[in-house]
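Trainee: Requesting a structural model of the entry that follows:
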Amino acid sequence: MQNTGRQVLRDLLRNFSAEVLAKDEKGIQAARAMPPGSEVFVANLPNESLDQLVRGCAQVQQLGMVPVPHIVARNIRDAAELDRTLAQLVQDAGVHTALVLAGDRDQPVGDFASSLQVLSTGLFRKHGVERVALACHPEGHPRVSGAVLWPALFEKIEGARSEGLNPYLVSQFAFGAEPIVAFTRKLRAAGETAPLRVGVAGPAKRATLIKFALLCGVGASLKALKERQELSRNMLAGEAPEALLNALAQAQAAEPGLGFDSVHFFTFGSLAASVELALALRS
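Mentor: Alright, predicted model coming up:
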């Protein structure tokens, strides 16, 4: 890779983020290798308590990182529970940014079924949360049609802004740059300027990647991964993520209007491997 190519890749990875499960103490400790002040997204599974989410975020903050809790609408019983949780996240973990998701439950456990409903409570600003990350899906969603998904994205963005929140987007991971670039061009052509953090699958076994890709609705780029054996082997060696990241960096350099705001790594239980890769590519 030429020096200019290496520099655009460094620029793309300058503020990379990664995710970890709230209960994964080993993974949380691995985040200490990230640059100080990096964002660590903290997820908790549907059968875990919100108290566990607070504890995980507090541990991330103690490492000098910025915790970004997953606030999952369909896992929250009511506004009172959301109120208590946000209060604890701010008080115990210094949270000022959250990723707001609808969630994958078929039936909500309580009053909320969508991200927009949670955003519209006014509780984020009440507790001093100023920024919200919102999910977007360049290759669609396994349970929601594109006819619903696309306008809902704009409704979420505008809903956040109407509450005085600063939104940015985090895309579902893909195995190829083309779907991400095409989606972002369409987004910008529609007049939306919110920064977009590009979702990338961190190093993982091929079977793990395919499993999560099927669950998350990764389409065209999954087909490419399965059909191209050389790409599959490289993914295991950690080389394919570099090729994808370089393609995204070159796209951003050629079209600054894409507005990529660094990279978010989906770690599949191995935050350490994703951080090692990101730091190596930044060096």
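Trainee: List the buried residues for the one helix or strand Gly56 maps to?
Mentor: Under the criterion of DSSP states H and E, Gly56 resides in helix 50-62. Of all the residues in helix 50-62, those buried under the rule 16 or more other C-beta atoms under 10 Å are 50, 53-61. In short, each C-beta sits where N, CA and C put it, glycine included.
Trainee: now do stretch 129-136
Mentor: 129, 131-136.
Trainee: got it, and stretch 116-131?
Mentor: 116-119, 121, 123-124, 127, 129, 131.
Trainee: and it, what's its mean pLDDT?
Mentor: Across stretch 116-131, pLDDT averages out at 97.
Trainee: Residues contacting that stretch, please?
Mentor: Applying C-beta atoms under 8 Å, 6 or more residues apart in numbering, the contact partners of stretch 116-131 are 71, 73, 76, 79, 82-83, 86-87, 89-90, 95-98, 100, 111-112, 132, 152, 155-156, 159-160, 163-168.
Trainee: what about the residue lying closest to Phe260 once chain neighbours are set aside, which SS state?
Mentor: Spatial nearest neighbour of Phe260, excluding adjacent residues (C-beta to C-beta, 6 or more residues apart in numbering): Gln252 at 4.7 Å. Of the three states, Gln252 takes helix under DSSP: H, G, I helix; E, B strand; the rest coil.
Trainee: Could you shift the numbering so residue one becomes 16, and keep it that way?
Mentor: All set: I'll call the first residue 16, so the last point we hit is now Gln267.
Trainee: Pretty sure Gln267 sits against Leu273.
Mentor: Yes - using C-beta atoms under 8 Å, Gln267 is in contact with Leu273, at 5.5 Å.
Trainee: between the two, which one's more packed in?
Mentor: Using other C-beta atoms under 10 Å as the criterion, Gln267 and Leu273 rank with Gln267 on top: 22 against 19.
Trainee: How about the contacts made by the more buried one?
Mentor: Neighbouring residues of Gln267 by C-beta under 8 Å, 6+ apart: 23, 26-27, 273, 275.
Trainee: 7 Å instead, please
Mentor: 23, 27, 273, 275 (C-beta atoms under 7 Å, 6 or more residues apart in numbering).
Trainee: Count the neighbours of the closest residue to the second one other than its chain neighbours for me.
Mentor: Looking back up the chat, that one is Leu27. Counting by C-beta to C-beta, 6+ apart, Leu27 lies nearest to Ala264, which is 4.2 Å off, once chain neighbours are set aside. When neighbours are counted by other C-beta under 10 Å, Ala264 registers 25.
Trainee: Report the separation between Ala264 and Ala192.
Mentor: 9 Å (C-beta to C-beta, to the nearest Å).
Trainee: likewise Asp119?
Mentor: 26 Å.
Trainee: Give me the more crowded residue out of the two.
Mentor: Higher neighbour count among Asp119 and Ala192: Ala192, with 19 against 14, using other C-beta under 10 Å.
Trainee: Direction included, what does the host helix or strand of Leu114 pair against?
Mentor: Using DSSP H and E, Leu114 sits in strand 112-116. Each strand paired with strand 112-116, and its direction, by DSSP bridges: strand 81-87 (parallel), strand 146-151 (parallel).
Trainee: nearest to Ala58, of these?
Mentor: Ranking those by proximity to Ala58 (C-beta to C-beta) places strand 81-87 first, at 4.5 Å.
Trainee: Run the angle between that closest one and helix 65-77 for me.
Mentor: Interaxial angle, strand 81-87 versus helix 65-77 (axes from the mean of the first three to the mean of the last three C-alpha atoms, to 10 degrees): 160 degrees.
Trainee: buried residues in whichever helix or strand comes after strand 81-87?
Mentor: For strand 81-87, the succeeding helix or strand toward the C-terminus, using DSSP H and E, is helix 94-108. Buried residues in helix 94-108, counted by 16+ other C-beta under 10 Å: 94, 96-97, 100-101, 103-105, 108.
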